[in-house]
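Visitor: Any chance you can model this:
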Amino acid sequence: MIAQAAHTATRAVENTQTNTLKLWRSAGEPKIAVEVTSEMELRGIIDGVRENEPDIPTATVVDQGRTELPEKTLTAGAIGPAKNTRIDTYTGDLPLL
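Guide: This is a model prediction of the structure:
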């Protein structure tokens, strides 16, 4: 779980514009991990951000099926860096992990 989250967080940061990245770094690079109940819920959240807030970086990790999960299983998603209020629109009701 930790490795999947690290992969997706790295990918999201790589997709971040320079000014936003500088602000995020100066704020201490905050990260919040939340839990979803299903792969479908995760897909819906990430798709919602991509459709409604295309300037917010997102990333996903799909398992390659080499361990416990079937190939092509969506295992993690990242949203941001962006302002908390914008991200909370999509994740604010989810429990912390």
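Visitor: Give the phi and psi angles for Glu68, as a check.
Guide: phi -90, psi -20 (degrees, to the nearest 10).
Visitor: Number of residues surrounding Thr37?
Guide: The number of residues packed near Thr37 is 9, by other CB atoms under 10 Å. C-betas here are computed from N, CA, C, even on glycine.
Visitor: That one falls within a helix, correct?
Guide: No. Assessed with DSSP: H, G, I helix; E, B strand; the rest coil, Thr37 is coil; it does not lie in a helix.
Visitor: Tell me how far it lies from Glu53.
Guide: Distance, Thr37 to Glu53, by CB to CB, to the nearest Å: 22 Å.
Visitor: again with Gln64
Guide: Taking CB to CB, one finds Gln64 at 29 Å from Glu53.
Visitor: Which residue of those two possesses the greater neighbour count?
Guide: Comparing Gln64 with Glu53 by other CB under 10 Å, the one with more neighbours is Glu53, at 16 against 10.
Visitor: Which residue comes closest to that one once chain neighbours are left out?
Guide: Nearest non-adjacent residue to Glu53, counting by CB to CB, 6 or more residues apart in numbering: Arg86, 6.4 Å away.
Visitor: That'll do, ta.
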